[in-house]
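Peer 1: Here's my sequence, what's the structure:
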Amino acid sequence: MNRREFITLLGGGAAAWPLAARAQQPAVPAIGFLHLTSLETNRENLANFRRGLEDTGYIEGKNVAIEYRWAQGRNDRLATLVAELVGRQVSVIAVLESTNGALAAKAATQTIPIVFMQGADPVQIGLVDSLNRPGGNLTGIGLLSAETAAKRLQLLLELVPNVRSIGYLRNPANPVYAEAETREVQAAADVYGVRLLTVNASRAGEIETAFAELVQQRVDALQVSSDGFLLTHPDQIVALAARHGVPAIYAWRQYMAVGGLISYGTNIRDAWRQAGIYTGRILKGERPADLPVQQSTKIELVINLKTAKALGLTFPLTLLGRADEVIE
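Peer 2: Got it, this is the predicted structure:
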């Protein structure tokens with residue numbers, strides 16, 4: 001071999017070494033992320049999910065990738081979006097704030113780990129065998145949304161104690177969750193002796209129709225379901241409640257950010273972070289079957305004095321004293 005051939009061989013080998021080294025590097029794991037609503041309404045929540053991942057050592061774009069799928073409030077798209085994530089062979093699927101999404105993910109795969117975060121009882125609807133020992137490939141965070149529905153009606157009656165009828169706005173396109181929450185609300189209405197008028201909306205155009213029915217029936221107050229689809233339209237719902245002068249209670253703080261009167265429900269920011277932690281732990285090798293379903297216990301009461309004044313209402317001191325946040 002002459003000197004020129006040796007230099008050519010050496011140069012070719014040097015060029016190949018980086019390629020070989022890159023080929024030997026482990027692939028970055030991918031998280032399949034599915035949510036019923038949109039990025040626009042969840043930027044703050046998503047930041048908390050990422051913080052949870054970082055708590056376990058994962059940083060998006062550095063040592064983990066995230067495949068996002070947003071259903072834009074359409075329950076009928078969830079199964080298709082889950083199938084896309086399964087087809088991408090992601091390492092774990094995180095399905096947040098969607099009972100239908102969690103059920104669709106369970107039906108789609110028995111091998112890919114799934115982290116859910118949703119409001120219906122996960123044992124009762126068949127997602128897991130038990131809270132302490134989930135079994136199978138699912139675990140996650142329970143939001144206690146349906147379980148706190150009765151408390152929301154009670155709080156609404158503390159604010160407007162002389163009402164005789166209460167409207168209840170729900171989404172029938174999410175039947176498993178809608179039935180669970182409706183049972184809680186109806187039971188509470190029976191206890192307090194008030195008439196409950198249930199109205200439905202599963203599309204944006206149906207929300208105004210639902211309010212028109214409430215006004216026609218002359219309800220005295222309104223409870224809005226904690227359903228994810230309705231949360232994609234907080235501005236519209238809060239504006240309609242204000243226009244018709246109907247005191248309304250909500251489950252999520254997002255309604256308060258656009259002028260809602262009162263909300264009572266899970267501290268959603270903490271729940272998203274916990275979902276991120278569980279997702280990271282599974283990426284590290286823990287099995288969903290061994291991770292107990294966590295029940296989110298941080299519940300927050302938020303009240304809006306400005307909205308109350310516009311409605312001619314005064315919050316009782318008992319409510320003010322229990323509030324976690326007061327908007328003035």
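Peer 1: tell me the domain ranges of this structure?
Peer 2: Domain assignment for the chain by automatic domain parsing gives 30-143+267-297, 149-266+300-327.
Peer 1: Could you dump these into TSV and include mean neighbour count and mean pLDDT?
Peer 2: All C-beta atoms are positioned from the backbone trio N, CA, C, and that covers glycine. Converted to TSV, these look like this (neighbours: other C-beta atoms under 10 Å; pLDDT from 0 to 100):
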stretch	mean neighbour count	mean pLDDT
domain 30-143+267-297	19	95
domain 149-266+300-327	19	95
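Peer 1: Give the helix, strand or coil label for the closest residue to Q274 other than its chain neighbours.
Peer 2: Ranked by C-beta to C-beta, 6 or more residues apart in numbering and with sequence neighbours excluded, the top spatial neighbour of Q274 is I141, at 5.3 Å. Under DSSP: H, G, I helix; E, B strand; the rest coil, I141 falls in the strand class.
Peer 1: how about I141, what does it touch?
Peer 2: 115-117, 271, 274-275, 278, 293-296 (C-beta atoms under 8 Å, 6 or more residues apart in numbering).
Peer 1: Same check on E206?
Peer 2: By C-beta under 8 Å, 6+ apart, the contact list for E206 reads N200.
Peer 1: element containing it?
Peer 2: For E206, the enclosing helix or strand under DSSP states H and E is helix 204-216.
Peer 1: my guess is P234 meets V258, correct?
Peer 2: Yes. Using C-beta atoms under 8 Å, P234 makes contact with V258 at a distance of 5.1 Å.
Peer 1: residue boundaries of the helices in the protein?
Peer 2: 3-24, 43-55, 78-87, 99-108, 149-159, 175-192, 204-216, 234-243, 253-256, 268-283, 305-310, 317-322 (DSSP state H).
Peer 1: Please list all residues in contact with I125.
Peer 2: I125 neighbours (C-beta under 8 Å, 6+ apart): 99, 103, 176, 180.
Peer 1: ok, it to Q118 distance?
Peer 2: Remark: distance between I125 and Q118 (C-beta to C-beta, to the nearest Å) = 9 Å.
Peer 1: go on, E60?
Peer 2: 23 Å.
Peer 1: re the thing from before, mind listing the shared neighbours of I125 and Q118?
Peer 2: With C-beta under 8 Å, 6+ apart, I125 and Q118 have common neighbours T99.
Peer 1: Please give me every residue in contact with the most centrally placed residue in the chain.
Peer 2: Residue closest to the mean C-alpha point of the chain, counted by C-alpha atoms, centre = their mean, is E97 at 2.4 Å. The contact partners of E97, by C-beta under 8 Å, 6+ apart, come to 35-37, 117-119, 143, 228, 231.
Peer 1: List the ones among these that fall in strands.
Peer 2: Filtering the contacts of E97 for membership in strands, criterion DSSP state E, returns 35, 117-118.
Peer 1: Any chance of JSON lines for the residues you listed, columns distance to R74?
Peer 2: Output for those, formatted as JSON lines (distance: C-beta to C-beta, whole Å):
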{"residue": "H35", "distance to R74": "12"}
{"residue": "M117", "distance to R74": "19"}
{"residue": "Q118", "distance to R74": "17"}
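Peer 1: Closest one of these to G321?
Peer 2: Each of the ones in strands among the contacts of E97 was checked against G321 using C-beta to C-beta; the closest is M117, at 30.6 Å.
Peer 1: Which residue, other than its chain neighbours, is closest to A187?
Peer 2: Distance criterion C-beta to C-beta, 6+ apart; nearest residue to A187, sequence neighbours excluded, is A150 at 6.5 Å.
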